[in-house]
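**Student:** structure for the following, please:
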Amino acid sequence: MLFVSRWLLIFGVLFITGCPTVQTTQPLSDPLTAEPDESLYGHWLATEKEDGKTRELHAFIGKHTTKENPEAIMEVWVIHWEREDKKLDGGLYYFTVTRIGKASYMNLIGVDTPSVGSKDMPLSLSAVGSYAAWTKNEKKKCGIVRYSYEGNKLQIWVPTDVKQALKGLSEAGELKLIGEVVTIDSLVRYLRKNKGEELFNKLARTFSKIP
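**Tutor:** The predicted model follows:
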């Protein structure tokens, strides 16, 4: 289950207390004026072999169509498949994208929940006007990851040792924190300077596009 938790962290389980992620209370850019990244639409696959077993993470990214929600929102169906053990897991998640300088970021939309097993952990934006309701939710959170797309390769950088990094950057005056949540203004200013090099893992997760 280590593989499951590590990969689902990218697209969904980003809003649990204690998870290593850059957390904000809103996206890096306003979804009402932002645009989706249509180059991400399609079927993406990441594979890993461990202990003689093959594990696959399928990500089906597409357009969000719920009425009265911003057109910038994108959907991703995540399916994790353990081939030999025939174990299947996954869920539906939502995100927007932001371009700052020469780097691109995913803003994963969710809510703070008490445990991984919470039935409320996967946020649903399927109801009409559900995004407006999310903006008023006291537990709303965004998890920020960096990504790049070239040809048929999608790379995603997730945060590593984020608590220590946030502490250091806060003490240096680079970021402003409220608890463990980064204020959006300070994060945008910081990302404009160096693409978050001290926040995100040097090694990216790589997905290949399936024709």
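
**Student:** any idea where the strands of the protein begin and end?
**Tutor:** Assigned by DSSP state E, the chain shows strands spanning 22-24, 42-50, 53-63, 74-82, 87-100, 103-111, 140-150, 153-157, 177-178, 181-182, 205-210.

**Student:** for the closest residue to E174 other than its chain neighbours, what are its contacts?
**Tutor:** With C-beta to C-beta, 6 or more residues apart in numbering as the criterion, E174 has its nearest non-adjacent residue at 5.4 Å, and that residue is Y190. Bear in mind the C-beta positions are built from the backbone N, C-alpha and C, glycine included. Y190 is in contact with 169, 174-175, 196, counting by C-beta atoms under 8 Å, 6 or more residues apart in numbering.

**Student:** kindly state the beta-bridge partners for K209.
**Tutor:** When bridges are taken as DSSP bridges, the partners of K209 come out as W44.

**Student:** what number of residues lie near it?
**Tutor:** Residues contacting K209 under the criterion other C-beta atoms under 10 Å number 18.

**Student:** would you confirm that it contacts L154?
**Tutor:** Yes: checked against C-beta atoms under 8 Å, the pair K209 and L154 is within contact range at 7.0 Å.

**Student:** related to what we said a few turns ago, okay, the strands of the chain in a markdown table with distance to A133 and mean pLDDT next?
**Tutor:** Compiled in a markdown table, the strands of the chain are given as follows (distance: least, C-beta to C-beta, whole Å; pLDDT from 0 to 100):
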| stretch | distance to A133 | mean pLDDT |
| --- | --- | --- |
| strand 22-24 | 19 | 88 |
| strand 42-50 | 29 | 88 |
| strand 53-63 | 20 | 89 |
| strand 74-82 | 17 | 87 |
| strand 87-100 | 13 | 87 |
| strand 103-111 | 11 | 90 |
| strand 140-150 | 10 | 90 |
| strand 153-157 | 28 | 92 |
| strand 177-178 | 23 | 93 |
| strand 181-182 | 20 | 92 |
| strand 205-210 | 31 | 92 |
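
**Student:** contact partners for the nearest residue to P36 once chain neighbours are set aside?
**Tutor:** With sequence-adjacent residues excluded and distances taken as C-beta to C-beta, 6+ apart, P36 is closest to M74, at 5.1 Å. Going by C-beta under 8 Å, 6+ apart, M74 touches 36-37, 40, 61-64, 94-97.

**Student:** let's see it at 10 Å
**Tutor:** Contact partners of M74, counting by C-beta atoms under 10 Å, 6 or more residues apart in numbering, are 36-38, 40-41, 61-64, 93-97, 106-107, 109.

**Student:** what's the spacing between the residue nearest to E174 and A34?
**Tutor:** Relative to A34, Y190 is positioned 20 Å away (criterion: C-beta to C-beta, to the nearest Å).
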